[in-house]
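# A predicted structure for the sequence below; I have some questions about it.
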Amino acid sequence: MDQHQCLRKRLHACITLMFAASMPAMRYTHGPIARYACCDRTLQIFSIQVVRIKRGLEWPLHVYGLVAVRDSVDHNRNLLFHRTRDDCQILTQKDSFLELTGPSRAILIVDPVEFDVELKVKERRESDDQILSFQLFGQNGVFDVKQSVMLDTETMPIGSDDDVIKLSRRVVTVELSGQLTVCVAATQVAGQRSTRDDGGIAQNKAPSTTDEVRFRPKKSGESCATCELGFCGVEITVAWSLLNCDNIA
């Protein structure tokens with residue numbers, strides 16, 4: 001990257017944050033907060049992995065279907081994974097984690113939650129497709145509330161039109177007395193080539209840089225901070241919202 005390409009550039013990332021489940025995700029970010037809005041216990045899903053397959057199936061797997069969770073907010077499906085047959089995810093034995101795109105709002109665990117799993121493996125003909133997992137099971141919500149957890153990590157493509165980083169998962173939960181740490185790592189797409197002493201061409205390792213910012217939780221509104229990466233600055237915007245409890249018995 002030459003000096004002209006290293007001009008400072010302001011990029012924007014938007015993360016939707018909630019202390020607890022709400023519908024929709026940013027219901028109380030702006031404007032008045034309802035009297036029944038509150039903080040409560042939530043369930044945060046970090047990864048879903050296919051750990052074993054049944055007889056008749058072989059790696060790699062072309063997987064489609066859905067994984068969803070239902071809670072006491074509205075008992076509707078809150079999708080964690082959803083792909084059609086024409087948009088399968090290819091799983092290998094070395095990389096068998098589903099690419100999650102949800103939840104769309106936080107998952108409340110005041111009452112037991114239910115997981116809805118409907119996953120199939122695509123074959124050459126649709127009539128030959130096989131069931132990978134088809135089950136409904138519950139979680140009683142017994143967790144160590146003092147346990148610390150690490151936020152998800154993902155590669156973030158940058159839109160060419162507005163320089164906005166589009167996150168595939170935009171909802172996480174944070175304790176009111178805790179903090180949110182956002183870390184950004186930037187790596188050059190391709191390493192620069194140089195000439196070795198013997199006259200050959202050496203491929204240099206792509207340089208990378210990282211920075212992080214910390215946010216103190218709020219009950220509403222937004223927080224902004226910037227990660228400085230040398231050749232650019234990435235502006236992080238966090239939207240805060242409380243839980244809507246008017247439907248909770």
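Yep, it's here.
# Count the residues that sit near residue 48.
Around residue 48 sit 16 other residues, with neighbours defined as other Cβ atoms under 10 Å. (Glycine included, C-beta is placed from N, CA and C.)
# for residue 55, that is, sorry about that
Other residues lying near residue 55 total 5 when counted by other Cβ under 10 Å.
# Look at it and give its secondary structure.
coil (DSSP: H, G, I helix; E, B strand; the rest coil).
# Would you map out the domains in this structure?
1-33+144-249, 42-142 (automatic domain parsing).
# okay if I get those domains as CSV plus mean pLDDT?
What follows is those, written out as CSV (pLDDT from 0 to 100):
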stretch, mean pLDDT
domain 1-33+144-249, 71
domain 42-142, 92
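# quick one, helices of the chain?
With helices called from DSSP state H, the chain shows none.
# Tell me which residue is most central in it.
The centroid of the chain falls nearest to residue 169 when counting by Cα atoms, centre = their mean (3.0 Å).
# Any chance of the backbone angles for that one?
Backbone torsions of residue 169, given as degrees, to the nearest 10, read phi -130, psi 120.
# Residue 100 is in contact with that one, correct?
Yes: using Cβ atoms under 8 Å, residue 169 makes contact with residue 100 at a distance of 6.1 Å.
# beta partners for residue 226?
On the basis of DSSP bridges, residue 226 takes part in beta bridges with residue 235.
# still on that earlier bit, how close does the residue nearest to the centre of the chain get to residue 132?
22 Å (Cβ to Cβ, to the nearest Å).
# Check residue 30 too.
According to Cβ to Cβ, residue 30 stands 42 Å off from residue 132.
# For the two, indicate the residue with more neighbours.
Between residue 30 and residue 132, residue 132 has the larger neighbour count (other Cβ under 10 Å), namely 19 against 12.
# leaving aside the residues next to it on the chain, what's closest to that one?
Of all residues not flanking residue 132 in the chain, residue 119 sits nearest, at 4.2 Å (Cβ to Cβ, 6 or more residues apart in numbering).
# Report the contact partners of that neighbour.
Under the criterion of Cβ atoms under 8 Å, 6 or more residues apart in numbering, the contact list for residue 119 reads 63, 64, 65, 66, 67, 131, 132, 133, 134.
# who are the neighbours in contact with the first one?
I take that to be residue 63. Residue 63 makes contacts with 50, 83, 88, 89, 90, 91, 98, 119, 120, 121, 122, 132, as judged by Cβ under 8 Å, 6+ apart.
# Let's see the PyMOL selection covering just the buried ones among those residues.
Selecting only the buried entries of the contacts of residue 63 in PyMOL, with 16 or more other Cβ atoms under 10 Å as the criterion:
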select buried, resi 50+83+88+89+91+98+119+120+121+122+132
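# if we take the contacts of residue 63, which one ends up nearest to residue 37?
Residue 37 lies nearest to residue 98 out of the contacts of residue 63, by Cβ to Cβ, at 32.0 Å.
# Next, find the distance separating the closest one from residue 237.
From residue 98 over to residue 237 the distance is 28 Å, taken as Cβ to Cβ.
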